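K.L.:
Sequence first, predicted model second:
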Amino acid sequence: MYSLQTVFLVVVVLYYIITRGFPRLLSWLIVANFEDVLIKKSGLSIKVERIGATSSLFNQEERKIFAIKVHDVRIEKEVSERRSRGGGQGQGQGDVGLSRSDLEDAFAQATTSLTSSQNASMSEVIRVRIPPISGDPCTGVTWQFFGVHIMSVSVMFLREKWPECLLHASAEKITLEGATLNQSNIALIGSITGASVQVLQHAWENSSSSGGGGGSGGERRGVQSVGGSQDPSLMECAGSLKLSVEISAETIAAMENISVQLSQPQVTIRERLLTFLEHKALAATPVVPSPHLPAVVSSYTSPEALLYKYWLFLPLKFQMKIEDIGVKFMNGLGQTALQGTLAAIDLQTHLNREGALENLPALLPDFSTELQVDNTRVQGTHDSLVTLNRFNLQTQFVGDRVNMKSEFRWLHISYDDRDLAVWTTYLSRHRDPPLPHLPPCAVDGQAKERVGASARRSSNNNSKSSGGIASAFLQRYCVGLIMELWDVSCGASVAGSSHGRTSLQHARFSVAVSQWIAQVAGELILESLVSTLGMVKHSVAPAVSSSTAAAAPKRTHVWGTPAYVGLCLVQLSSSGPPPSSTSSGKVVRETLPPLQAEALIDNVQLEWSPELAALLTTLFRYFQQIKSCSRRPRARTQRGVEPQVEEDGEVFSNISAKCTNINVFAVSEQKVSIMARVDSLESQKAAGNFKTVISGTKLLRFVPSGTQYSCVKSSEIKGECGQVSEVVVESVNGEVLVSVSDQLHLTWSTTTHMTLLTLAQEVVAFLTNVRPQKDLRAEPTPAEAAAAAAAGGPQEEGGEEQGGLKLQILARGDIRIGAELSHRHHVCFILGDLTYLMANGRISCQSEELQVHFDQHKIMSLSGGKLSRALNSREVREEREAVPELTLRQNKSWKLTVDTWVFTFPYEYNFAEAFSNDLLSIVKWVKLVHKHKPRPFTAASPLPPDLVIKVRHWQVEVGDDPFEVKLRYNYELLEDEYQEGCKRLKALDSRIEELRKTMFLFPTGKIEELYKNLQEKSSETYIKRSKLMYESAPMRTQLFTWTMEDVVIFALADPIFHGTERVVQHMTNIDPDSPWPEEDQQFSTLWCRMVLASCGEWNFRLRDYPQSLLLMKDVDIWGRLIGAEQRASKRAIRTVNVEVGDSVG
């Protein structure tokens, strides 16, 4: 029993010694504390309150067997007074030469050593050897069981360059641990918890920092003033960081995995930081390069060399994750001007290192990256907002292929111009820094030239190297790019205009480029692209949203939608090898191959409105204001020296596009709309030639009502004011051909004219507001003025214009051009086949038939008409030479040739009312609306062209009363029928007499029956002939006919007939006997021509009488012809009302 108690007691004592006493003893031996540790050197002060150790054997929260714990570390950097910019001025300029020579020698030596060291190490891979874990157990034990913990770290750093700026950083805990994963890999894990960084400066120091460096006293005042009434912070950063690095240390160190995790980073930037940095940048004095230094050539390192050199430092797997990011920008009043949040950023990369450097740079190593950004939001003070739900980017490098894919989902951008006030204020103050201050030993002129030349060579080399990287990359590898967007919108609000927003439901862009840029293929898809305005006057709805416009039916236009595209598909492909250039025996291709583009667009809706014009004008002025704030002065160029721009060849060799269901709306200020509907539009361009086919076009005027408008096919539109079935526009070798087929109907009215005029004035006003002001050109020299005068002077006789536009218009089918003069009268021009040609100053217009109808009455008919203009006509020149009174031997001329020209005035139709009251009133109204003023008729005004008129048959008809014509036709029929009846009766009498001679007993009743039948037959014959009388030949309508055959008229203009004074002089010479009024005469019409006319036959006839009322043959008329109309007085002017629609305003 005693032995059992003893054993039990010994066991208990041993248990307590092992579990309680031994650990306490080890803890007392291991955990030794060092308190109040101070380290100072070169102005750097490190204070540690306590240093101790801990172990997982005694602390369950610790994971390492042995860990060092450091508590309350404070690091301070003091200002070195001897390096202060404010001190050291008492030395003067005596030591400048020595310091300058020492600096030049040191700089030259450093440059030489740096260049040589870079060239020597460029061809080698940097290798770091670490003792293997299996061969050195101490190393494995150190990585596995050792750790460092630093608690409460504080750093204060006063920068020597900016002594008034204080940098304060702190962290709650810093942990550094190591681990061995296997026999060859080691890991290093570090974390920083509760870290924060602050850049501090007092507001008084910020305002005084623009004065330059300041003295040491100012520096001390800046440090002591921290903690005043105003927040001294310029920038604040906070967050937690965790870093994990895995290294393979089997033979040579190679990076395996790197993991970075940043939690809740918060950044706050104040406006005073931008001002502070700007002042410091302006106050900084750059070092002027010395002309005695050796020329340093900037060495360019290729990406392949850098990749080869730092190959082992690239991790096989890299992962970076940032969560809960917050950024704030505070204005000068302490208010939040800009705030941004981001939920998470996840970046992952994967690299395969096996055999990657053997074929470099021909084949790239297997490398892939994936970046994902979630829930990004940027909020301004007012309505500015940027929201991105998800952004995903994937890249993959495999062999000679590079693939990249990006995706945006739910990206919405809203902008308010008031949120940019902070940035515009900063940009307005930002200007180019002043010229650097030169030391006392100024550089001479030759040195300046050498420095400038070296700087220019350096900039050129840098530009060539940056451009060569992309060119070399595309030449070596196949590149594929895919970018996709879902639910994207962008809106802007500027003071003084309506809110605008553009949204896109889906977009996808893909492109693939082969090696040496030999083949290029791409595709672009857009679905539901909508642009909306916040509020428009011509819509019943108070506001229009992009979601409402996008959700509307496809064939419905929502008012307040400036642009809508239902579907857009664009495909790109290379059509041949790219242009190449030879250099040193090698073929180098630097440009893209000729591309072919094919586009298909469906359901296009465009709308012009005053609200859109106001928005575009405001945005243009707003961007001009921003541009003026950030504009830097450009270098001046010598006069007459133009910058040379390299011209590249055409990128697209063949372009074809097809657009269907196009509706273009234009709404005026008076809420009247003009709509143009196009069913189909196809266009092709190749080798400088293009062809466009437009089908199903109609023009409609209407007043918008409601919130939507149904877009139907052109065949379903009624009440149109213009219609064109098909138009083909071609351009071949500089010649333009326009072909119109089937139907061309145009209807003009005063309401339509005013609507189009109002829209044109609004567009012109918009273009005037947004048109940039052109710089005034320098005055030309006398030699340039003389050359310009010689080039623009009058042409020689017989000369023709060369070059210019060559145009040909062909119209086939039904062509009708009408005008609504009033509610009573309407005029319509009907043309047959029309041909219009223009080239080298010549114009020719020809039509097979032209009819002019007034109120469904054919007034004029012209067949075989041709109108042409010539600069040098042989026929006109011969006629002018035959008239000795003319001083000008050659003049441009217009020639009209007509086969048959007929004027018809129907019976009881008031043509004077339609022509004089309505048509002429409309013409004068148009001149009044367009503010047309007659040009003064003086001798210096341009000389009008000569007129040549040739008509084979000219006729004027006055219609007769149809009732009287029918009476006369009926009388003639009765007269003819009476003669025929007499002949038939005489024939019957002779027949009866013959029968009586042969038949003595011929019955009398039979004879009466024969006479009765003859009378009935005559009546039937008369009725039948009266019915067929108007079918066999048209009824005569002429009451009076005036015909002229083979009419030729020459109306020649000349300087002796030109001008008011000369025409009046000729008028008094022709009629010297008539008294001339004493007061000055004002003419509304005044002209004088030398007329040479001839007529083969001149005939006046009444009805269809065979005898002419007047007949003349071979008539010749020549002499001066003057046309004059005295300007009417106010009493003689008649006021006419022109009907204009009420909706025009």
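P.N.:
It's in.

K.L.:
Bridged to residue 843, which residues?
P.N.:
Residue 843 has the following beta-bridge partners by DSSP bridges: residue 838, residue 869.

K.L.:
And residue 677, by the same measure?
P.N.:
Assessed by DSSP bridges, residue 677 has beta-bridge partners residue 663, residue 698.

K.L.:
Buried residues in stretch 663-673, which are they?
P.N.:
663, 665-668, 670-673 (16 or more other CB atoms under 10 Å). To be clear about C-beta, it is placed using only N, CA and C from the backbone, and glycine gets the same treatment.

K.L.:
Hmm, I typed the wrong one, I wanted stretch 1014-1032.
P.N.:
So for stretch 1014-1032, counting by 16+ other CB under 10 Å, buried means 1018, 1022.

K.L.:
Distance from it to the middle of the chain?
P.N.:
Centre-to-centre, stretch 1014-1032 and its host chain are 78 Å apart (CA atoms, centre = their mean, to the nearest Å).

K.L.:
pretty sure residue 1058 is in contact with residue 943, am I right?
P.N.:
Yes: assessed by CB atoms under 8 Å, residue 1058 is found in contact with residue 943 at 5.8 Å.

K.L.:
Of the two, which one has the most company?
P.N.:
More crowded of residue 1058 and residue 943, by other CB atoms under 10 Å: residue 1058, with 21 against 14.

K.L.:
mind checking how far the more buried one is from residue 934?
P.N.:
In this view, residue 1058 and residue 934 are 16 Å apart by CB to CB, to the nearest Å.

K.L.:
Partner strands of the host helix or strand of residue 742, with direction?
P.N.:
According to DSSP states H and E, residue 742 maps onto strand 735-749. Applying DSSP bridges to the sheet, strand 735-749 is found paired with strand 722-732 (antiparallel), strand 806-811 (parallel), strand 814-820 (parallel).

K.L.:
Run through the residues that contact the nearest residue to residue 1090 once chain neighbours are set aside.
P.N.:
Leaving aside its sequence neighbours, residue 1090 sits nearest to residue 1052 (CB to CB, 6 or more residues apart in numbering; 4.4 Å). Residue 1052 sits next to 876, 879-880, 883, 886, 891, 946, 1089-1092 when contact means CB atoms under 8 Å, 6 or more residues apart in numbering.

K.L.:
mind checking the backbone torsions on residue 1052?
P.N.:
phi -100, psi 130 (degrees, to the nearest 10).

K.L.:
So for it, what pLDDT did the model give?
P.N.:
Per-residue confidence (pLDDT) for residue 1052: 95.

K.L.:
Strands of the stretch 651-800 of the chain, residue ranges please.
P.N.:
652-667, 673-686, 689-702, 708-710, 722-732, 735-749 (DSSP state E, counting those that start in this stretch).

K.L.:
Pick out the shakiest of these, pLDDT-wise.
P.N.:
Per-stretch mean pLDDT for those is lowest at strand 708-710 (a mean of 89).

K.L.:
Direction included, what does it pair up with?
P.N.:
Paired strands of strand 708-710, with direction, are strand 556-558 (antiparallel) (DSSP bridges).

K.L.:
pLDDT (mean, whole number) over the partner strand?
P.N.:
Strand 556-558 shows a mean pLDDT of 89 in the predicted model.

K.L.:
what's the following helix or strand after it?
P.N.:
Remark: after strand 556-558, the chain's next helix or strand is strand 563-574, criterion DSSP H and E.

K.L.:
What angle do strand 652-667 and that following strand make with each other?
P.N.:
Strand 563-574 and strand 652-667 meet at an angle of 180 degrees, taking axes from the mean of the first three to the mean of the last three CA atoms, to 10 degrees as the criterion.

K.L.:
so what does strand 563-574 touch, helix or strand wise?
P.N.:
Judged by 3 or more CB pairs under 8 Å, 6 or more residues apart in numbering; DSSP states H and E, the packing partners of strand 563-574 are strand 520-533, strand 595-608.

K.L.:
I'd say residue 350 and residue 315 touch.
P.N.:
No: Residue 350 lies out of contact with residue 315 (CB under 8 Å); the separation is 9.4 Å.

K.L.:
residues in contact with residue 726?
P.N.:
Listed by CB under 8 Å, 6+ apart, the contact partners of residue 726 are 693-696, 740-742.

K.L.:
would JSON lines of these with distance to residue 805 be doable?
P.N.:
Formatted as JSON lines, those follow (distance: CB to CB, whole Å):
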{"residue": "693", "distance to residue 805": "21"}
{"residue": "694", "distance to residue 805": "20"}
{"residue": "695", "distance to residue 805": "25"}
{"residue": "696", "distance to residue 805": "28"}
{"residue": "740", "distance to residue 805": "18"}
{"residue": "741", "distance to residue 805": "23"}
{"residue": "742", "distance to residue 805": "26"}
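
K.L.:
Now these in TSV, please, with extra columns for neighbour count and distance to residue 972.
P.N.:
Putting the contacts of residue 726 into TSV (neighbours: other CB atoms under 10 Å; distance: CB to CB, whole Å) gives the following:
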residue	neighbour count	distance to residue 972
693	16	58
694	20	57
695	18	56
696	20	55
740	20	49
741	16	48
742	14	46
